[in-house]
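**Student:** My questions are about this predicted structure, shown below with the sequence.
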Amino acid sequence: MRILIIDDEENIRRITAVVLEAAGYETVSVENGANALKQLESGTFDVAFLDLKLGGESGLELLPELLKASPQLEVIVFTAFASIETAVEAMRCGAVDYIPKPFTPEQIRQALSRLIQARKLRSRVADLESRISADTLTADLSTCEPAMQKALDLAFKAAATPATILLLGESGTGKTVIARALHENSPQKENAFVTVSCPSLSRELLESELFGHAKGAFTGATADKTGKVALADGGTLFLDEIGELPLEIQPKLLRLLQEKEYERIGETKTRRAKVRVISATNRNLDQAVQEGRFREDLYYRLHVIAVPLPPLRERPGDLLKIAERCLHFFSAQCGKQLKGFSPAAEAVLRQYAWPGNLRELRNVIERAVILADTHEIDLLDLPEKLSQASRPTPAPDVQIGAKVSLREIETEHITRVMKQASTMTEAAKILGITRDTLHRKKKEMSRDPDVPDG
């Protein structure tokens, strides 16, 4: 490292230089701010030792100029006028450490050692962040499907507001990913994003997880516990699978939403937390309210902005793009150079219903990448259940003029057309109906116990 020593006392400059050069560092010494700035213009320095009283100059006023001239410079200040106030002011102006005069050579070495350790720690954090980023499949929320785009537009329009948002959709449709994206596009983005999985714990443990508890509140409560609500104060609290929230806890959550107040288990002290709540569920909350399993007032409080997310089977235009992103990601992880999918594999991916949605697709592609022996994913690399589900079933005895209902004939025709078409839009065009009508008919077919789901 190159170190710049800035002090109006020649003896201090000399002693500091001797200590640093003995440790193997290169030093340059100057007696005032003008010469220090000239040195920064003509060369690069890693660290500066700066006296806060340079004759008639103020080191505190010089400090911002040094950092402006060399933003990567780390400044350690020392002064004979040691006080808490000057230390705080120096740190506020950008110094990284503070040494009072008179100082010993050991204090110089320790300050530099602390600086080096901090540098190493920052380097490790940056490396860790880079590795985590490389090991994580980042979300791509672009879509060519109108239903998905409509959902995203609604969600992100509400992101900048304090409104509670309820994400609705089947398991695996990306509700957690979207919740995090909403947080990152909200005024709370600089604060915590805290997730609570409602079905994962018993009622007692879930209440403690949410609101915290006092020492001795129940058997096993050997210490105070800070709940997730407190951790999310100022940020976002994401309640995953809110439909599983026990009835006993629901009034407490309602109080938090309405009054921003709560109490820890075993305490009577009222605490406050300003949290933005995003919740998600794959349940029918309307039905849960009717059956008495979910409070109506809490439902309406959570339901301010409801965003229904379509399942993957209703996003045929996005399917291959998502599959290819997964392919490239897992190929890089496994050190392979896979370029795409064979026509047969691509056809199977298109035809499969994906009951597990995005989560199932990701797992299937990861497995296929591991098994692939060629430059592309082939049919044999995919799970057998995909191929079996995509095989055409024998045509039932539904013929024109036979003793069958018009509904059975219509259902059979729609089923065959959807199997042949590559997208729902194409199928609707062939059938001469709108895409919305086709979706409605498909849902009606899936609910009919006498009719196979197309």
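**Tutor:** Good, I have the coordinates. Numbers count the residues shown, from 1 in each chain.

**Student:** which residues of this protein score low on pLDDT?
**Tutor:** Under the criterion pLDDT under 70, the flagged ranges of the chain are 81-82, 84, 123, 126-138, 389-404, 422, 446-454.

**Student:** Can you give me the domain boundaries for it?
**Tutor:** Annotated domains of the chain cover 2-130, 146-310, 313-390, 406-447 [automatic domain parsing].

**Student:** Nearest to residue 140, out of those domains?
**Tutor:** Across the domains of the chain, residue 140 has its closest neighbour in domain 313-390 (6.0 Å, C-beta to C-beta). Just so you know, the C-beta spots here come from the backbone N, C-alpha and C atoms, and that holds for glycine as well.

**Student:** now that closest one: how far from the chain's centre is it?
**Tutor:** Mean C-alpha position of domain 313-390 versus that of the full chain (C-alpha atoms, centre = their mean, to the nearest Å) differs by 24 Å.

**Student:** Rebuild the domains of the chain as TSV, extending it with mean neighbour count.
**Tutor:** Formatted as TSV, the domains of the chain follow (neighbours: other C-beta atoms under 10 Å):
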stretch	mean neighbour count
domain 2-130	16
domain 146-310	17
domain 313-390	17
domain 406-447	16
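
**Student:** Span of stretch 288-303 from start to end?
**Tutor:** With C-alpha to C-alpha, to the nearest Å as the measure, stretch 288-303 spans 14 Å from end to end.

**Student:** wait, residue 75 sits on residue 96?
**Tutor:** Yes: taking contacts as C-beta atoms under 8 Å, residue 75 lies within contact range of residue 96: 6.4 Å.

**Student:** mind listing the strands for the stretch 1-150 of the chain?
**Tutor:** Secondary structure of the stretch 1-150 of the chain (DSSP state E, counting those that start in this stretch): strands at 2-6, 26-30, 47-51, 53-54, 57-58, 74-79, 97-100.

**Student:** Sorry, wrong one. I was asking about the stretch 251-400 of the chain.
**Tutor:** Going by DSSP E, counting those that start in this stretch, the stretch 251-400 of the chain shows strands at 261-262, 271-272, 276-281, 305-308, 340-341, 376-377.

**Student:** and the second one, which strands flank it?
**Tutor:** Pointing back at strand 271-272 there. Strand pairing for strand 271-272, using DSSP bridges, gives strand 261-262 (antiparallel).

**Student:** check contacts around the most centrally placed residue in the chain.
**Tutor:** Centroid check for the chain by C-alpha atoms, centre = their mean gives residue 180 as the closest residue, at 4.5 Å. Contacts for residue 180 (C-beta atoms under 8 Å, 6 or more residues apart in numbering) come out as 139, 193, 238.

**Student:** mind redoing it with 10 Å?
**Tutor:** 139, 193, 195, 236, 238, 278 (C-beta atoms under 10 Å, 6 or more residues apart in numbering).

**Student:** Any chance of the residues you listed in JSON lines with distance to residue 26 as columns?
**Tutor:** Shown next, in JSON lines, are those (distance: C-beta to C-beta, whole Å):
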{"residue": "139", "distance to residue 26": "47"}
{"residue": "193", "distance to residue 26": "45"}
{"residue": "195", "distance to residue 26": "49"}
{"residue": "236", "distance to residue 26": "48"}
{"residue": "238", "distance to residue 26": "51"}
{"residue": "278", "distance to residue 26": "53"}
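
**Student:** In these, find the pair that's most separated.
**Tutor:** For these, the maximum inter-member distance is 16.0 Å, found between 139 and 236 (C-beta to C-beta).

**Student:** now the strands of the stretch 1-150 of the chain in a markdown table, with distance to residue 212?
**Tutor:** Formatted as a markdown table, the strands of the stretch 1-150 of the chain follow (distance: least, C-beta to C-beta, whole Å):
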| stretch | distance to residue 212 |
| --- | --- |
| strand 2-6 | 48 |
| strand 26-30 | 53 |
| strand 47-51 | 43 |
| strand 53-54 | 49 |
| strand 57-58 | 48 |
| strand 74-79 | 39 |
| strand 97-100 | 36 |
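
**Student:** do you know which of those strands lies nearest residue 349?
**Tutor:** strand 74-79 (52.9 Å).

**Student:** tell me the angle the closest one makes with strand 2-6.
**Tutor:** Interaxial angle of strand 74-79 relative to strand 2-6 (axes from the mean of the first three to the mean of the last three C-alpha atoms, to 10 degrees): 30 degrees.

**Student:** Make 34 the starting number, not 1.
**Tutor:** Will do, 34 is the new start, and the previous item becomes strand 107-112.

**Student:** And the helices in the stretch 184-333 of the chain, which stretches?
**Tutor:** 208-217, 236-244, 261-264, 283-292, 318-323, 329-335 (DSSP state H, counting those that start in this stretch).

**Student:** want to throw those helices into a markdown table with distance to residue 462?
**Tutor:** Output for the helices of the stretch 184-333 of the chain, formatted as a markdown table (distance: least, C-beta to C-beta, whole Å):
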| stretch | distance to residue 462 |
| --- | --- |
| helix 208-217 | 30 |
| helix 236-244 | 49 |
| helix 261-264 | 49 |
| helix 283-292 | 46 |
| helix 318-323 | 34 |
| helix 329-335 | 39 |
